[in-house]
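Here is the input, now give the coordinates:
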Amino acid sequence: MKRPDPGEAVLRTGLRHAHPHPTVWHSRSWWGGRLVHPERSRRARPATIPGNRDVRLAALTALLALWAAGAALGDAPPAKFEPPKGCYVGACIEDDPVAVGDPEAWEGLTGHPHAIYGVRVQWGGPFPFQLARRLCERGAALQVVWVVPDGVPSAPGARYLRGWAEAAGRAELPIFLCLICSATEAAPPAPVWRQVRAVMDRAAPNVAMVWWPPADPAAAEQQYPGDAEVDWVGVSMRTMHEAAADQPTAARDPREVLRWVCDLYAARKPVAISEYAAAHTCPVCGVDQTEFALAWAKQLYDALPDSFPRVKMINWVSAGPETGAPARPDYAVTDCPAVLNAYRALVGRPYFLDTVVAGEAPPPEPEEAQGEGEPLGHPGDLGTTIVLDPDGGVLTGPVVVRAGVPAGLVVDHVAFSLDGRPRLVATAPPFEFALDPAPLEPGEHLIELTLYDATDTVLDQAARTVVVGR
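All right, here's what the predicted structure looks like:
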C-alpha cells in the first residue's frame, strides 16, 4: 500500500523518519566542504489540514490508519541511507594480512569496489579521519564500531563525545555508527544510547545509528531504545567449525541469528550484518576448514535476496590469524586462494551494491530543542582561521598553533584537536597551544578547533591540514 504524500498532510507521529528530507552530499574534499541541508537551521513547520476540528481529527485518524496498514504490510519508510533494492557489500580490512587496511589494495584483490569499509574504535580514541578522507575520495561509506566502556561513558567525557561527533559531521560521507559495550558486544543501555544519539543528531547528520541487540531476544526487546532513536539494527556474527570458549554461538547457522533479529525488527528497520566472517582454519580442532567456511558463507549470501530482503548491508571481517591465548582463527579472504575466488563470486552478483545512496535523512535538531547531553548549536561561517607560528610549510620543529578569531567575536574558550583526538582547551586569549611534531608520523595531520561562548554554544570552527617532515 502506498503511503499518503507527506506534502498533503504532515502528522506528528513521533517517528523520526516519517517525513524524509533530501540531503545533498557535496563531493569537495571531506575536511573543507560542508554538509548542505535545505533546512539546516530550523525544522520545517508541519502543514495544517484545513477545516474544523472534527474534520482535522478525522483526517488525522484516516492517515494514521493508512500509515499503520502500510507498516503492517512491510511498507516502512526508508531509513537513512537505506537502498530501495539490493544489499550493500562491505569489508573490515584493518587486520587483513595482505590488504592491510588499504581499500585500493583490497578491491584490486577481490576484483570489486565495495560500498562500505569498517573499522573499530575504542572509546577515547580519535575519529578515523584519515580513513574517512580516503573513502570520501573513493565514493565509499564508513562504518565505525565504537566500543564504549560498560555503563555510562563518563571519561574522557562530554567534550570528547562532542569533538568526536563534530569531526564525524565534517567527514562529508555516510557513516554507519555501531555503538557497543566492550563486554557484551551489544548496544549500551538506552540512556547512554540516547545521549550519544542526541549529540550525533545535532553535530553529525551524516551519521546513521546502528543498534546491536543482545543475544537474547527477550532482553533485546526490553533494551531497545525505540524506533525514533534507531536508524538501523545490526548484528555481528562469526562462523567457526568448532566454537571457541569466547564465541559459543559461532558454530551455529548464522541464518538462525539473522532470522530472529529480522522477525523482531525488519518490519520497522533495515538490518545490517555489520560484521560477518567464516573461519577457514579452526584453532580448536587444528584442521583446515576451507570447505566448511565456503559452504556456510555461500548459504548466507545466497539467502539474503529471498529469505532476508530487509538485510541491506553485509560486511566481511577479513582478519588473519593471531597467535596467543586464545588463538584467533583465520577469517581472512586474501590469504587463501579458494576463499578469495569464492568471495569474488559471492559479491560480484548484481544484487550486491557497491555505492551507498544518499537516501532520506531528517534535518538536524533545531537549536532550541537540544535534548540530552551538552548543547552544541550550529556553527556559522565567520572566518575563523588556524595560524601557525612560525608558518613555514612542512613542520620540522615546534610551532605555536593559534586560533585566528574574527574581530568582534566574543569567545569564552577554544577546543583544539589533532587527528580527531582532543588536544587542549584554551580558556583565555590568545587561545593557542604548542605543538611539537617530533612524536608524529611523517605525512599529513589534521588540526581542528572549535570556538565556544560562555554558554558552551559553538560559535565557529576551523580545520587545517599540516605536513610533518623529518
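
what are the phi and psi values for the residue lying closest to Thr385 once chain neighbours are set aside?
Spatially, and ignoring its direct neighbours in sequence, Thr385 is nearest to Gly404 (3.5 Å; Cβ to Cβ, 6 or more residues apart in numbering). Bear in mind the C-beta positions are built from the backbone N, C-alpha and C, glycine included. When quoted as degrees, to the nearest 10, the phi and psi of Gly404 stand at phi -90, psi 90.

so where's the protein shaky on pLDDT?
Low-confidence segments of the chain (pLDDT under 70): 1-76, 150-157, 242-252, 284-285, 322-327, 359-381.

Do a quick rundown of the helices in it.
Secondary structure of the chain by DSSP state H: the helices cover 53-72, 103-110, 129-138, 158-169, 190-203, 217-223, 254-265, 290-307, 337-347.

And the second one, what's buried?
With burial defined by 16 or more other Cβ atoms under 10 Å, the residues of helix 103-110 counted as buried are Pro103, Trp106, Glu107, Leu109, Thr110.

How about the third one?
The neighbour-count criterion (16+ other Cβ under 10 Å) identifies Phe129, Leu131, Ala132, Arg133, Arg134, Leu135, Cys136 as the buried residues of helix 129-138.

Distance to Ala279 added to these, as a markdown table?
Formatted as a markdown table, the buried residues of helix 129-138 follow (distance: Cβ to Cβ, whole Å):
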| residue | distance to Ala279 |
| --- | --- |
| Phe129 | 32 |
| Leu131 | 25 |
| Ala132 | 29 |
| Arg133 | 32 |
| Arg134 | 28 |
| Leu135 | 27 |
| Cys136 | 32 |
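
Closest one to Lys85 out of these, please.
Leu135 (23.1 Å; Cβ to Cβ).

who are the neighbours in contact with the closest residue in space to Tyr265 that isn't next to it in sequence?
Closest residue to Tyr265 apart from its sequence neighbours, by Cβ to Cβ, 6+ apart: Val233 at 4.4 Å. Counting by Cβ atoms under 8 Å, 6 or more residues apart in numbering, Val233 touches Val210, Trp211, Trp212, Pro213, Val261, Tyr265, Lys269, Pro270, Val271, Ala272.

try 6 Å this time
Residues in contact with Val233 (Cβ atoms under 6 Å, 6 or more residues apart in numbering) are Trp211, Tyr265, Lys269, Val271.

Who does it form a beta bridge with?
Beta bridges link Val233 to Trp211, Val271, judged by DSSP bridges.

burial count for the residue lying closest to Pro329 once chain neighbours are set aside?
The shortest distance from Pro329 to any non-neighbouring residue, by Cβ to Cβ, 6+ apart, is to Ala279 (3.5 Å). Here the number of neighbours of Ala279 (other Cβ atoms under 10 Å) works out to 27.

For Ala279, give me the backbone phi and psi.
With angles defined as degrees, to the nearest 10, Ala279 sits at phi -80, psi 130.

still on that earlier bit, next, format the contacts of Val233 as a markdown table and append neighbour count and distance to Val394.
Listed next are those as a markdown table, based on neighbours: other Cβ atoms under 10 Å; distance: Cβ to Cβ, whole Å:
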| residue | neighbour count | distance to Val394 |
| --- | --- | --- |
| Trp211 | 27 | 44 |
| Tyr265 | 22 | 51 |
| Lys269 | 24 | 48 |
| Val271 | 25 | 47 |
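
ok so, going back, now the residue nearest to Pro329: how far from His241?
Computed as Cβ to Cβ, to the nearest Å, the Ala279 to His241 distance reads 7 Å.

do Gly392 as well
The gap separating Gly392 from His241 is 59 Å, by Cβ to Cβ.

So those two - more neighbours on which side?
When Gly392 and His241 are compared for neighbours, His241 comes out ahead with 21 against 10, by other Cβ under 10 Å.

Just list the residues touching that one, thanks.
Cys282, Gln289, Phe292.

For the first one, which non-adjacent residue is spatially closest?
Leaving aside its sequence neighbours, Cys282 sits nearest to His241 (Cβ to Cβ, 6+ apart; 4.1 Å).

Next one: the one you found from Arg310, what distance?
30 Å.

repeat for Pro406
Per Cβ to Cβ, Pro406 is found 49 Å from Arg310.

higher neighbour count, those two?
Arg310 (18 against 13).

show me the contacts for Ala319.
Asp95, Tyr331.

Could you rerun that using 8 Å?
Cys92, Asp95, Asp96, Ala277, Arg328, Tyr331, Ala332.

For the fifth one, name its beta-bridge partners.
In other words, Arg328. Bridge pairing for Arg328 - DSSP bridges - gives Glu322.

Wait, it touches Thr281, no?
No - the pair Arg328 / Thr281 is not scored as a contact, 9.4 Å apart, by Cβ atoms under 8 Å.

Report the set of residues contacting both of these two.
With Cβ under 8 Å, 6+ apart, Arg328 and Thr281 have common neighbours Pro321.

out of these two, which sits in the busier spot?
Legend: neighbour count by other Cβ under 10 Å for Arg328 and Thr281, higher for Thr281 (23 against 17).

Count residues in the vicinity of the closest residue to the more buried one other than its chain neighbours, would you?
Once flanking residues are discounted, Thr281 sits nearest to Asp330: 4.1 Å by Cβ to Cβ, 6+ apart. As a burial measure, Asp330 scores 25 neighbours (other Cβ under 10 Å).

and what of Ser307?
Residues near Ser307, counting by other Cβ under 10 Å: 13.

Quick check: closest non-adjacent residue to Met209.
Asp231 (4.9 Å).

what's the domain layout of the chain?
Domain assignment for the chain, taken from automatic domain parsing, gives 87-361, 385-468.
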